[in-house]
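Colleague: A predicted structure for the sequence below; I have some questions about it.
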Amino acid sequence: MDIYRRIGIVCRSIPEGKVATYGQVAMLCGKPKNSRQVGYGLREGLAGKDVPAYRVVNARGILSGASHFETFDMQRALLESEGVRVLWTQEGWKVDLKKYRWKNTMEDAVYLAGLFEQAEERV
């Protein structure tokens, strides 16, 4: 299975009202050094059309996916609609990762590995 299908699976697993970083998604895909590839896959739609890409932020909590959305503040609006507080800073729109970051567990990683296997079997 290619990394883009894995990215889609991981992003669909991010709970509503939580965010994950590009690096966190890459790690859960089994490619811990491929955070830029995660951004590329989300921006280009390679991970699927129904992927909640707005739940992925950079390592500092900055909303950096504006080019993926119809308007520059759509990511902010989507996150706020799920109860994620987004604040304007000098760096741009930002979420508090201590509060809103998806704190995935080993059980989540095992569950995702199972989803990857199931998806591989369907190919």
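Modeller: Right, received. Where do you want to start?

Colleague: For Arg55, which residues are in contact?
Modeller: With contact set as CB atoms under 8 Å, 6 or more residues apart in numbering, Arg55 has these partners: Cys11, Ile14, Lys18, Val19, Ala20, Leu79, Trp102. All C-beta atoms are positioned from the backbone trio N, CA, C, and that covers glycine.

Colleague: Would you agree the fifth one falls within a strand?
Modeller: Read that as Ala20. Yes: counting by DSSP: H, G, I helix; E, B strand; the rest coil, one finds Ala20 located in a strand.

Colleague: Surely it is in contact with Tyr54?
Modeller: No: in terms of CB atoms under 8 Å, Ala20 does not count as a neighbour of Tyr54; the distance is 11.1 Å.

Colleague: Give the helix, strand or coil label for Gly41.
Modeller: Under three-state DSSP, Gly41 falls in the helix class.

Colleague: how close does it sit to Ser81?
Modeller: Distance of Gly41 to Ser81, computed by CB to CB, to the nearest Å: 24 Å.

Colleague: Over to Ser35?
Modeller: Relative to Ser81, Ser35 is positioned 26 Å away (CB to CB).

Colleague: same check, this time on Lys103
Modeller: 22 Å.

Colleague: likewise Gly23?
Modeller: 25 Å.
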